[in-house]
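S.K.: return a 3D structure for these sequence lines:
(one chain, ligands or ions: 1)
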Amino acid sequence: MSSASADPTTPAEPTTAERPRILSGMQPTSDSLHLGNYLGALVNWVGLQEEFDAYYFVADLHALTVPTDPEVLRRRTRITAAQFIAGGVDPERSSVFVQSHLHEHPALGWVMGCLTAFGEASRMTQFKDKTSKGQNANVGLFTYPMLMAADILMYDAAYVPVGEDQRQHLEITRDLALRFNQRFGDGLVVPEPYILKEGAKIMDLTEPTSKMSGSTSPEKGLILLSDEPGRIAKKIRAAVTDTDGEVRYDPDAKAGVSNLLVIHSILSGRRIEEIERDFVGRGYGDLKKEVAEIVVTALEPFQTRMAELLGDPAELDRIVARGAERAHEVARRTVARVYDRMGLLPPVPRADRV
Ligand code: TRP
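M.R.: Numbers count the residues shown, from 1 in each chain. Okay, here's the model as predicted:
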């Protein structure tokens, strides 16, 4: 084998599309994405699908690492897929699918687990954080990063757009790809992280020094993409500000007002200084009213599309089925290649069996 001189970044199977591949996923852990997910991640996904051959999936197998009611998981999986599409992911252009629809994911996840040292897995900070906070961990939570590595390496992804919190998972993914290539000959693409910029960091409305977070923010601190206009206005009206009364961007001294200015600026497309100028001599009440209007208007097309998608679950299921079919074309070849390189015998095709 010529593995020693091979460039491990060369895909073993050249991608058919001219655009390089990217892949990302989200867990179906809530009944709605919030404005922070939307502006921090989904908007980037949408932009990237022009330049890249994108694979976006709902990580429902990862969601099993935390006990969830089956009915709730089913509902959230559909909602998450629908939100990708309502947010602008085009299922004709990008592959939108559900992780559990491809048995190749856990199959490659097993392989990744067998390439990972026990101590290496034990050093993953997310596992350590969750278990130190008293979460009653299952083995799935421990092997979570190996399944994630499989998700990524399955598609020869060149880049993986994720938030900073996923950086360590990408590092172990790269280590595993390099290790595989070294031991078994060049077969997996080593992905580059594409850490999404913190430019669009949206803060909790009730506690503007913490990030808006589906897992830690109170409901009043979140602007959910599914919130009705009246609810959005109410939450923004109740947002924590300060007492000096001046509409000015200063994230250290005036975190609440600054957060409202950031939201305004991103959604209105205007520069923060311009907005500040508009509000000279005006109070926070006015600012909140305007921000609420802008958020409501920005979310209107999203909410209309969501209602259509959730109103026709059969159509939504067809969309993700098509996505899974496209993903499967790539996934089955990756698993066959990896199994073969490692010495697993190819199955005898059924038709040849006696
Ligand atoms: N761990 C990711 C999260 O919680 C979700 C995820 C699973 C993912 N597999 C992935 C993200 C592969 C990117 C690529 O946000």
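S.K.: the protein: helices as residue ranges?
M.R.: Using DSSP state H, the helices of the chain run over 35-37, 43-51, 60-63, 70-86, 104-115, 118-122, 125-132, 139-154, 167-184, 229-237, 255-268, 272-278, 284-311, 313-342.
S.K.: the residue lying closest to residue 59 once chain neighbours are set aside pairs with what?
M.R.: Distances taken as Cβ to Cβ, 6 or more residues apart in numbering put residue 25 closest to residue 59, at 4.2 Å, once the chain neighbours are dropped. C-beta: built from backbone N, CA, C; applies to glycine. For residue 25, the beta-bridge assignment (DSSP bridges) gives partners residue 57.
S.K.: what sits against residue 25?
M.R.: Residue 25 makes contacts with 56, 57, 58, 59, 62, 99, 151, as judged by Cβ atoms under 8 Å, 6 or more residues apart in numbering.
S.K.: what lines up beside the lowest-mean-pLDDT helix or strand in the chain in the sheet?
M.R.: Lowest mean confidence among the helices and strands of the chain (mean pLDDT, DSSP states H and E): strand 192-195, at a mean of 84. Using DSSP bridges, the strands paired with strand 192-195 in its sheet are strand 159-162 (parallel).
S.K.: what mean pLDDT does the strand it pairs with have?
M.R.: For strand 159-162, mean pLDDT is 93.
S.K.: what comes up buried for it?
M.R.: Residues 159, 160, 161, 162 are the ones in strand 159-162 that count as buried (16 or more other Cβ atoms under 10 Å).
S.K.: what number of residues lie near residue 79?
M.R.: Neighbours of residue 79 under the rule other Cβ atoms under 10 Å: 22.
S.K.: if we can go back for a sec, mind putting the buried residues of strand 159-162 in CSV, distance to the ligand included?
M.R.: Formatted as CSV, these follow (distance: Cβ to the nearest ligand atom, whole Å):
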residue, distance to the ligand
159, 10
160, 5
161, 8
162, 5
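S.K.: what residues does the protein have near the ligand?
M.R.: 23-27, 59, 62, 148, 151-152, 160, 162, 166 (Cβ under 6 Å from any ligand atom).
S.K.: give the residue spans of the stretch 51-200 of the chain that score low on pLDDT.
M.R.: 197-200 (pLDDT under 70).
S.K.: from the ligand, how far off is residue 273?
M.R.: Using Cβ to the nearest ligand atom, to the nearest Å, residue 273 is found at 34 Å from the ligand.
S.K.: for the residue lying closest to that residue once chain neighbours are set aside, give me its contacts.
M.R.: Nearest residue to residue 273 in three dimensions, chain neighbours excluded: residue 249, at 7.9 Å (Cβ to Cβ, 6+ apart). With contact taken as Cβ under 8 Å, 6+ apart, residue 249 is in contact with 257, 258, 261, 262, 272, 273, 276.
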